[in-house]
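> I'd like to go over a predicted model; first the sequence, then the structure.
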Amino acid sequence: QVQLVESGGGLVQAGGSLRLSCAVSGRTVSIYAMAWFRQAPGKEREFVAAITRSAGSTYYADSVKGRFTISRDNAKNTVYLQMNSLKPEDTAVYYCAVGGASYVLRLTSRDFDSWGQGTQVTVSS
């Protein structure tokens, strides 16, 4: 069993930056990869970024490449999402998720086992 708690969301103007954190506790040795998804009102949850726990390989949605950076600190059991050059279309609830096997690199939400409660990110124009 793994528990996740996100923090760092808030309101920012377009062009600004935010850093999200996700603290992971519980059976962390079972984690293969960690990811961020987001869900805007009236839209489906979408993949944002992922990182493998061991090798640190990273994956990004095309919409955030070059602007967002995912990283992890295994000693602190924490995954981060640095978001720069934010746009109003980045407004959403951001969720942290973890998965226990390599198939999670299909990067679809249904493959991830555990989820945080979400943190709101609002980008004003």
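Okay, I see it.
> Relative to Val123, how far out is Glu89?
Using Cβ to Cβ, to the nearest Å, Glu89 is found at 8 Å from Val123. Where you see a C-beta, it was placed from the backbone N, CA and C, and this is true even at glycine.
> who has more neighbours, these two?
Neighbour comparison, Glu89 and Val123: the larger count goes to Val123, with 20 against 11 (by other Cβ atoms under 10 Å).
> in the sheet, who's paired with that one?
Val12 (DSSP bridges).
> cool, and Ala23?
Val5, Thr78.
> Same check on Trp115?
The partner residues for Trp115, given DSSP bridges, come to Ala97.
> pLDDT at it, what is it?
As predicted, Trp115 sits at a pLDDT of 97.
> Repeat that for Arg27.
So, for Arg27, pLDDT stands at 89.
> quick one: it from Ser85, how far?
Arg27 sits 36 Å away from Ser85, going by Cβ to Cβ.
> Show me what the residue nearest to the spatial centre of the chain bridges to in the sheet.
Geometric centre of the chain, nearest residue: Trp36, 1.8 Å, by Cα atoms, centre = their mean. Beta bridges link Trp36 to Ala49, Cys96, judged by DSSP bridges.
> so what's it up against?
Contacts for Trp36 (Cβ atoms under 8 Å, 6 or more residues apart in numbering) come out as Leu20, Cys22, Val48, Ala49, Ala50, Ile70, Val79, Leu81, Tyr94, Tyr95, Cys96, Ala97.
> closest to Thr58 among the residues you listed?
Nearest to Thr58, judged by Cβ to Cβ, of those is Ile70 at 5.6 Å.
> Would you verify that that closest one is located in a helix?
No - assessed with DSSP: H, G, I helix; E, B strand; the rest coil, Ile70 is strand; it does not lie in a helix.
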